[in-house]
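Participant: Quick one, what's the 3D model for this:
(one chain, ligands or ions: 1)
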Amino acid sequence: MRRSSFLAATVPAAHGGLGVTSLHDLMVGVNRLARGDASTAIAVNMHLTGVLGAALLMDRSRTAGEEMAADVLRELLIQVGRDDKVMCFPLTEAGTDHTSPRTEATPTRGGYLINGRKTFATISPAADLFLPTVRVPKPEGGFLTATAVVPTGTPGLTVEDNWDSLGMRASGSHDITFTDCFVPTRFLIGQVDSYGSLGPGYLASAMMVHIPLLGAFLGIAEAAREYVVAEARIAKNPGHRSLSSRASVRLLMAQMDIALAECRGMLDRVSHLVDDLLNRPESNAPDIMTLHRAMKEVQCAKYVVNRRSVEIVDHAMTIIGGRAYLGRNILSRLYRDARAGGFMQPFSPVDALEYIGKVSFDLVSALE
Ligand SMILES: Cc1cc2nc3c(=O)[nH]c(=O)nc-3n(C[C@H](O)[C@H](O)[C@H](O)COP(=O)(O)OP(=O)(O)OC[C@H]3O[C@@H](n4cnc5c(N)ncnc54)[C@H](O)[C@@H]3O)c2cc1C
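Facilitator: From the prediction side, this is the model:
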């Protein structure tokens, strides 16, 4: 991926990347990777889509006259584009949601001290730059939200090497601890007054992460389907007929293909919809309610794709039979990997129903 510049795909061409801005195209690329290995696909997705968000934030900061933030982001993008650096974006913490980080940036001379613990930090073993979300205490009480830039090797930064999961085992989603990690003032970027609420920056970056990520879960389901088609033609049951000669197997196969068509249709539509929205010029940037309506569509697609990918692999296992349950069979890995989709915030299935319903009724204040 380094040699082919895939890791620099979302860096603007002027900074040494391939200049990809289309979520649809990224989704297709991540989807193809996931057919081979979903852990690799989600790991690179976290990096690529985070970098895309950084490029968007650089443009927005420049337009808003926030030169210091724009310059820092430009430097970081050059490090990815020209020096092959890898970024890791840990948001998740035990006991709180993504909009209310407890990892804190405490002001100190010349910068901030970062303290806290993040979980599920995908791609962390390969990362050169960590960009955790943090809270910054306000003098009058309460918090701002921001992102800190913590390079590997910063004293007090530890990748815990403790990822022990049901699936996505090669995604390197370890815990990260920050203990009095010093970052200079300019390395605290994107400070916003939206602690605990779904602000426009969070909505935009969440859509960027999740559309290609859903492509990965579709890829898992497609891999299961391909395996079954090949096996069902040759595998014999005790009657010495191929599995595909049985009507019940063909029925399950048809259900798998219908579910795949459903997922592909939703992802194609929603990726173009969000591409149109996020690639608008700054003068026509979407307002918060437009972002919520788009996010609702992303969540509808996520809800369906996360469920269908598990169902499709499950059907594949039913067709193949007991050997699909063995650890060495590809379907057991696909089944474990597919199960990860629903846990990805925002949103888990329970939270998604709540959110979709609120947006459906235009309950804007309930979302703030
Ligand atoms: C393979 C994998 C890779 C990941 N990679 C990353 C990554 O790179 N970066 C990252 O930041 N995160 C990552 N995550 C984390 C993911 O996005 C979720 O944050 C994580 O799974 C925890 O979500 P949760 O819903 O289980 O936890 P919680 O938010 O703790 O929720 C647990 C349950 O409580 C419910 N709940 C939550 N809040 C409330 C409330 N206020 N009231 C009532 N009920 C509530 C939820 O509906 C949920 O059912 C990854 C996860 C996985 C599985």
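Participant: which stretches of the chain form strands?
Facilitator: Secondary structure of the chain (DSSP state E): strands at 87-88, 104-108, 111-121, 129-130, 133-137, 143-148, 150-151, 157-159, 174-184, 188-192.
Participant: can you list the ones you listed in a markdown table and add distance to the ligand?
Facilitator: In short, each C-beta sits where N, CA and C put it, glycine included. Formatted as a markdown table, the strands of the chain follow (distance: least, Cβ to the nearest ligand atom, whole Å):
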| stretch | distance to the ligand |
| --- | --- |
| strand 87-88 | 7 |
| strand 104-108 | 17 |
| strand 111-121 | 3 |
| strand 129-130 | 11 |
| strand 133-137 | 8 |
| strand 143-148 | 12 |
| strand 150-151 | 14 |
| strand 157-159 | 13 |
| strand 174-184 | 10 |
| strand 188-192 | 15 |
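Participant: Averaging pLDDT over each of the ones you listed, report the lowest-scoring one.
Facilitator: With a mean of 95, strand 188-192 has the lowest mean pLDDT of these.
Participant: what does this protein have sitting close to the ligand?
Facilitator: Selection of the chain residues close to the ligand by Cβ under 6 Å from any ligand atom yields 46, 89-92, 97, 120-122, 168, 171, 173, 340, 343-345, 348, 350-351.
Participant: Alpha carbons of stretch 344-364, as PDB, please.
Facilitator: Taking Å, rounded to 0.1, in the frame of the first residue of the first chain, the C-alpha atoms of stretch 344-364 are listed here in PDB:
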ATOM      1  CA  MET A 344     -18.900   1.000  15.200                       C
ATOM      2  CA  GLN A 345     -20.100   4.300  16.600                       C
ATOM      3  CA  PRO A 346     -21.800   6.400  15.500                       C
ATOM      4  CA  PHE A 347     -24.100   4.600  15.800                       C
ATOM      5  CA  SER A 348     -24.800   1.200  17.300                       C
ATOM      6  CA  PRO A 349     -28.100  -0.300  16.200                       C
ATOM      7  CA  VAL A 350     -29.900   0.900  19.300                       C
ATOM      8  CA  ASP A 351     -28.500   4.500  19.100                       C
ATOM      9  CA  ALA A 352     -29.200   4.500  15.300                       C
ATOM     10  CA  LEU A 353     -32.900   3.900  15.700                       C
ATOM     11  CA  GLU A 354     -33.100   6.700  18.200                       C
ATOM     12  CA  TYR A 355     -31.200   9.100  16.000                       C
ATOM     13  CA  ILE A 356     -33.000   8.300  12.700                       C
ATOM     14  CA  GLY A 357     -36.300   8.700  14.400                       C
ATOM     15  CA  LYS A 358     -35.300  12.200  15.800                       C
ATOM     16  CA  VAL A 359     -34.200  13.400  12.400                       C
ATOM     17  CA  SER A 360     -37.300  12.000  10.800                       C
ATOM     18  CA  PHE A 361     -39.400  14.300  13.000                       C
ATOM     19  CA  ASP A 362     -37.000  17.200  12.600                       C
ATOM     20  CA  LEU A 363     -36.300  17.300  16.300                       C
ATOM     21  CA  VAL A 364     -33.300  19.500  15.900                       C
END
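Participant: No further queries at this time; thank you.
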